[in-house]
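Participant: let me see the structure of the following:
(one chain, ligands or ions: 1)
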Amino acid sequence: MIDASPLGANVPCPPFLPNMNSLPFTMENLGFIRQFPWSYKPNLTLYGEEKHVIEELKFFKQHGGSSMVECTIVGLERDMNMMKRMAEESGVNIISGTGYYVDSALPSEVHSATQEQLVSTMVHDITQGAAGTDIRCGVIGEIGTSWPVTATEKKVLQATAAAQTQLGCPVIIHPGRNKQAPAEVIRILAEAGGDISRTVMSHLDRTICDHEDLSAFAKLGCYLELDLFGIEVSYYQLGDFDMPSDAQRIKMIKHVLDEGYEDRVVIAHDLYTKHRLMHYGGHGYSHILLNVVPMMLARGISQDQVDKMLIHNPRNWLTFK
Ligand SMILES: CC(=O)NCCS(=O)(=O)O
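Facilitator: Numbering: from 1, shown residues only. Now for the predicted structure:
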């Protein structure tokens, strides 16, 4: 479960809310929290929300969901035993990630580790178990990168490519907040021998907004992930970027589907803050199933294409080769 505080580490409070962190999480304050989610530190963790998350995972399963990829890794606060409990109590498969988040979130030992040590840890997490448990991870990622990519992040990417080559495992990347960042990461991974066809580039909906830029990136052959469905506030605190609406996300997806990339698209919510849980008035884990799929079908995306995005593409990506 994610402690995303590194994301909000240096986000300024809105000027009219100098002590936002002292506010209670109430309906009266939900508007501010939705507008400035990274300025309210209590919002940036799901620790203490196990009961609510389990209830919402059950709701997700009740409405057709079966599996979820959970990309909390070193640099964020991962709890393997909690995720195992949640999977067992909800009946939802949870595929956990191994790897290293963005440079600013990493402990000193990662900065000083050799590439070989990083490879060894990721391979161990997948083949033996992570964080001192026998609970094995099923994906490398979300590997965190900044813009520009730092030296430590490049070392992590090269280690990721080496571990992927050894295991034939799926990889998912968090790109820096610049439209050039995804292609730069793909270049580094490819040069290190990574399998780009087994790699997901996440958060494209907060990174590339121009359809032609998205088409150019799609040519590189990775999976294209738009994974912030449910965030309908256009103000984006973490970068000089207008966050798209779900309707605009669907238009981006339709554009690449029309260009023949239906085997390459995956979608998600990237839910890691309290305010997006249903318990706190959010859209929850079932938003795509209940609300986005009908929107897609109404906009000319076929059921077969929806099934590819929600079933077949994730299954193919997650299958070790
Ligand atoms: C957990 C995480 O890094 N999510 C990425 C979305 S964001 O817009 O880059 O914060």
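Participant: need phi/psi at residue 76.
Facilitator: phi -110, psi 170 (degrees, to the nearest 10).
Participant: give the bridge partners for it, please.
Facilitator: residue 74 (DSSP bridges).
Participant: can you tell me the centre-most residue of the chain?
Facilitator: residue 270 (4.7 Å; C-alpha atoms, centre = their mean).
Participant: where's that one, which helix or strand?
Facilitator: If you go by DSSP states H and E, residue 270 is not part of any helix or strand.
Participant: output the longest helix belonging to the chain.
Facilitator: helix 151-167 (DSSP state H).
Participant: next structured bit after that one?
Facilitator: Next element after helix 151-167 (DSSP H and E): strand 171-174.
Participant: list of residues touching that following strand?
Facilitator: 69, 71, 97, 101-102, 139-145, 160, 164, 182, 185, 189, 194-195, 198-203, 225 (C-beta atoms under 8 Å, 6 or more residues apart in numbering). For the C-beta atoms, the positions are set from N, CA and C on the backbone; glycine is no exception.
Participant: repeat that with 7 Å
Facilitator: With contacts defined as C-beta atoms under 7 Å, 6 or more residues apart in numbering, strand 171-174 is touched by 71, 102, 139-145, 160, 164, 185, 194, 198-203.
Participant: returning to what we had before: how about the longest helix of the chain, which residues are buried there?
Facilitator: 152-164, 167 (16 or more other C-beta atoms under 10 Å).
Participant: need these in TSV (columns: pLDDT and distance to the ligand).
Facilitator: Output for the buried residues of helix 151-167, formatted as TSV (pLDDT from 0 to 100; distance: C-beta to the nearest ligand atom, whole Å):
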residue	pLDDT	distance to the ligand
152	98	17
153	98	13
154	98	18
155	98	19
156	98	15
157	99	16
158	98	21
159	99	19
160	99	16
161	98	21
162	98	23
163	98	20
164	98	20
167	98	23
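Participant: show me which pair in those residues is furthest apart.
Facilitator: Farthest-apart pair in the buried residues of helix 151-167 is 152 and 167; separation 22.1 Å (C-beta to C-beta).
Participant: list the buried residues of the helix or strand where residue 249 lies.
Facilitator: Per DSSP H and E, residue 249 falls inside helix 246-258. Of all the residues in helix 246-258, those buried under the rule 16+ other C-beta under 10 Å are 246, 248, 249, 250, 252, 253, 254, 256, 257.
Participant: skip ahead from it and say which helix or strand is next.
Facilitator: Following helix 246-258 in sequence, per DSSP H and E, is strand 265-267.
Participant: got the residues of the stretch 201-321 of the chain near the ligand?
Facilitator: By C-beta under 6 Å from any ligand atom, the residues of the stretch 201-321 of the chain that approach the ligand are 203, 206, 238, 270, 272.
Participant: do I have it right that the second one meets residue 240?
Facilitator: No - in terms of C-beta atoms under 7 Å, residue 206 does not count as a neighbour of residue 240; the distance is 11.0 Å.
Participant: tell me which of those two has more neighbours.
Facilitator: residue 206 (21 against 7; other C-beta atoms under 10 Å).
Participant: contacts only, for that one.
Facilitator: Going by C-beta under 7 Å, 6+ apart, the list of residues near residue 206 reads 177, 228, 236, 239, 241, 243.
Participant: what about 8 Å?
Facilitator: 177, 228, 236, 238, 239, 241, 243.
Participant: what helix or strand does the fourth one sit in?
Facilitator: If you go by DSSP H and E, residue 238 is not part of any helix or strand.
Participant: quick one: contacts of stretch 52-62?
Facilitator: Taking C-beta under 8 Å, 6+ apart as the rule, stretch 52-62 contacts 1, 46, 65, 68, 86, 89-92, 277-279, 284-286, 289.
Participant: what residues sit buried inside it?
Facilitator: 52, 53, 54, 55, 56, 57, 58, 59, 60, 61.
Participant: can you list the residues of the stretch 51-200 of the chain near the ligand?
Facilitator: Residues of the stretch 51-200 of the chain lying near the ligand (C-beta under 6 Å from any ligand atom): residue 174.
Participant: which residue does the stretch 51-200 of the chain bring closest to the ligand?
Facilitator: residue 174 (5.0 Å; C-beta to the nearest ligand atom).
Participant: share the number of residues neighbouring that residue, please.
Facilitator: Using other C-beta under 10 Å as the criterion, the residues surrounding residue 174 number 25.
Participant: so residue 136 lies in a helix, does it not?
Facilitator: No - judged by DSSP: H, G, I helix; E, B strand; the rest coil, residue 136 forms no part of a helix; its state is coil.
Participant: and the residue lying closest to it once chain neighbours are set aside, what does it touch?
Facilitator: Excluding the flanking residues, the one nearest residue 136 by C-beta to C-beta, 6 or more residues apart in numbering is residue 129, at 5.4 Å. By C-beta under 8 Å, 6+ apart, residue 129 lies in contact with 80, 135, 136.
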